[in-house]
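>>> predicted coordinates and the sequence they were generated for:
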Amino acid sequence: MIKFLRMAPRFNYLPRFHAGQMGPIAPSPQIQQKMEALEQNQPFFDRLIFFDPDIMASLPGPLQVFDPVVDFGSGILTYLHDCHIPWVGVLSLTCIIARSTLLPLIYLQMKRTTRLATVIPAIAQMKRLIDKTNYSKPKKLYTLMRLSYQIVHSQRLKWMRLFLYNVFHIPMLITLIWSIRRLLIDESFKTTAFLWIPSLSNMDPYFIVPALTVICYYYNLQRFITPENKDTLPSKLRNVGQFLLILWLPFLANWPCAIQIYMLFNAFFSIIQTSIMLHPEFQKLVDPKIFLYQMIIRMIEYDKNTSLSLIEAIKSGEETHIEKSISEEQLLDQFQKSLIELNEGELQEDAAKISKDKPNFY
């Protein structure tokens, strides 16, 4: 009982009650009527807004030191809009400019990472050996990271240079997102609609834009994972990134539509950038030797997979390869027959033409 009385002052924050009322004080009738009138006059989709624009436009306390940077970014966006460019066009143009300025870093980063291509099979084999040990999972990961660092150091590379592009891209992306958030209080920004979304300050009511964004990012990460490198550490990290993208979807779905659209444009640009990076001509430009090396690795992997499938077919007694060879023989016979028929048809046409052109002496 004494302990309960000592805790009594902690409940002083509870709201006061009216005499004879069994609950907290209700809002005044005037405020209640005003709230109901605003709710009735506002369309349903316009009420799908999860934030206060004034709060979204301001940085949290510890991050207010970056206010000049965010003001500069929002000022650039406003300047582009003042040049008679719609807000959606401003978002897409900003994404193209920001990502294009970082393209030289992609080239420099690939120049450095290609030097590790010759040691990637050694790292993969080292991982297989570590997996067969009796170490715990944390110790396996620590051992793999330590040995990988030694291999990277032997190539006279620094870990930071392998992530040079991300070091610049991620802060730029965060700055642009906060710059877009600062524009949410702009009246022209609020009144701009995009397809089925009534305002750029609202979230997508059908969650189409965030779903497309996550799908594009997921697909872009999957393009780097191949049967040859699926067991390497970068591929494992990309698999973790794909899992985190799925967890990110509910948060992205509750963001303003303007940020969702910018992230969608950013995902499209990432797909185009990946297509350029994986193109053989670009890889030859980065390092001519690495293209030949990748071709050799793929040929070895293909021969190994073909040999293993043939051995499994022989062990299991399957006749798939025999049936395949028979079908190929039949295809060859059909091709030869078609070739003979084609030649016979041409000979008949030539004979008919000769007989037609031959003068008749009778």
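Sure, I can see it.

>>> quick check: buried residues in the one helix or strand Arg182 maps to?
Following DSSP states H and E, one finds Arg182 within helix 164-182. The neighbour-count check on helix 164-182 (16 or more other Cβ atoms under 10 Å) flags Leu164, Tyr165, His169, Leu173, Thr175, Leu176, Ile177, Trp178, Ser179, Ile180, Arg181, Arg182 as buried. Heads up, the C-betas are built off the backbone N, CA and C, glycines and all.

>>> what distance do you get for the last one to Phe66?
Going back to what we said before, that points to Arg182. Distance, Arg182 to Phe66, using Cβ to Cβ, to the nearest Å: 11 Å.

>>> now do the helix or strand harbouring Leu245: everything it contacts.
Assigned by DSSP H and E, Leu245 belongs to helix 233-253. Outside of helix 233-253, the residues that reach it under the criterion Cβ atoms under 8 Å, 6 or more residues apart in numbering are 123, 127, 144, 148, 203-204, 207, 210-211, 213-214, 217-218, 221-222, 224-225, 229, 260, 263.

>>> restricted to buried residues, select the residues you listed in PyMOL.
For selection in PyMOL, the members of those meeting the burial criterion (16+ other Cβ under 10 Å) are listed in this command:
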select buried, resi 123+127+144+148+203+204+210+211+213+214+217+218+221+225+229+260+263
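
>>> ok, back up a step: any idea of the angle the very next helix or strand once past the helix holding Leu245 forms with helix 233-253?
Once the chain leaves helix 233-253, the next helix or strand it forms, by DSSP H and E, is helix 257-278. Using axes from the mean of the first three to the mean of the last three Cα atoms, to 10 degrees, one finds that helix 257-278 and helix 233-253 are set 160 degrees apart in direction.

>>> tally of neighbours for Pro68?
Burial measure for Pro68: 9 neighbouring residues, criterion other Cβ atoms under 10 Å.

>>> tell me the pLDDT of it.
According to the model's per-residue confidence, Pro68 sits at a pLDDT of 85.

>>> and the one helix or strand it maps to, what does it pack against?
Per DSSP H and E: Pro68 is located in helix 67-82. For helix 67-82, the helices and strands in contact under the criterion 3 or more Cβ pairs under 8 Å, 6 or more residues apart in numbering; DSSP states H and E are helix 87-101, helix 164-182.

>>> can I get stretch 269-286 in PDB? Just the C-alpha atoms.
Extracted C-alpha coordinates of stretch 269-286, given in PDB (Å, rounded to 0.1, in the frame of the first residue of the first chain):
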ATOM      1  CA  PHE A 269      18.000   5.300 -64.400                       C
ATOM      2  CA  SER A 270      19.600   2.500 -62.400                       C
ATOM      3  CA  ILE A 271      18.300  -0.100 -64.900                       C
ATOM      4  CA  ILE A 272      19.700   1.900 -67.800                       C
ATOM      5  CA  GLN A 273      23.000   2.400 -66.000                       C
ATOM      6  CA  THR A 274      23.300  -1.300 -65.300                       C
ATOM      7  CA  SER A 275      22.600  -2.100 -68.900                       C
ATOM      8  CA  ILE A 276      25.500   0.100 -69.900                       C
ATOM      9  CA  MET A 277      27.800  -1.400 -67.300                       C
ATOM     10  CA  LEU A 278      27.000  -5.000 -68.400                       C
ATOM     11  CA  HIS A 279      27.400  -4.200 -72.100                       C
ATOM     12  CA  PRO A 280      30.400  -5.900 -73.600                       C
ATOM     13  CA  GLU A 281      31.600  -2.800 -75.300                       C
ATOM     14  CA  PHE A 282      31.700  -0.900 -72.100                       C
ATOM     15  CA  GLN A 283      33.500  -3.700 -70.300                       C
ATOM     16  CA  LYS A 284      36.100  -3.700 -73.100                       C
ATOM     17  CA  LEU A 285      36.500   0.000 -72.600                       C
ATOM     18  CA  VAL A 286      37.100  -0.500 -68.900                       C
END
